[in-house]
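**Q** the following comprises the amino acid sequence and a computationally predicted model.
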Amino acid sequence: QVQLVESGGGLVQAGGSLRLSCTASGSIFAGSIFRHNAMGWYRQTPGKQRELVATMTNSGSTNYADSVKGRFTISKDNAKNTMYLHMNSLKPEDTAVYSCNVVLNGVKPYWGQGTQVTVSS
């Protein structure tokens, strides 16, 4: 079993920046899970469906929601078993619970518990 733990959320003023982290642990797969599998960040607000924010394939190709292009960057550090979401120029509409996701071998999805990001105007 793989556990994903997010951190780095919080309260920030509009225009500010945050960096979210997602660290994998718990099984023999956790040590290389971001190296070999697709991953992503998603967000959800009350009453709305979870939406994709950014994804990265195992080869490093990235994809972003139109609403965050040019402001957010997904990255990873394989040596630390950690993926990141760098968020700049934050807007109040970015307020949400952000969750990380990795799909082991393209079949088994794992999710973190989520971290709250609140952007004040």
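**A** Thanks, I have the structure now. These numbers come from a predicted model, not from an experiment.

**Q** any idea which helix or strand in the chain has the lowest mean pLDDT?
**A** Sorting the helices and strands of the chain by mean pLDDT, DSSP states H and E puts helix 33-36 at the bottom, at a mean of 82.

**Q** contacting residues around that helix?
**A** Outside of helix 33-36, the residues within contact range by Cβ atoms under 8 Å, 6 or more residues apart in numbering are 2, 24, 58, 76, 78, 81, 82, 83, 102, 104, 110. Backbone N, C-alpha and C define where each C-beta goes, glycine included.

**Q** can you tell me the element the second one falls in?
**A** Taking DSSP states H and E as the criterion, residue 24 maps to strand 18-25.

**Q** among the contacts of helix 33-36, who's most crowded?
**A** Most neighbours among the contacts of helix 33-36, by other Cβ atoms under 10 Å: residue 83, with 28 neighbours.

**Q** name the SS class of that one, please.
**A** strand (DSSP: H, G, I helix; E, B strand; the rest coil).

**Q** how about it: which residues does it bridge to?
**A** Counting by DSSP bridges, residue 83 is bridged to residue 22, residue 76.
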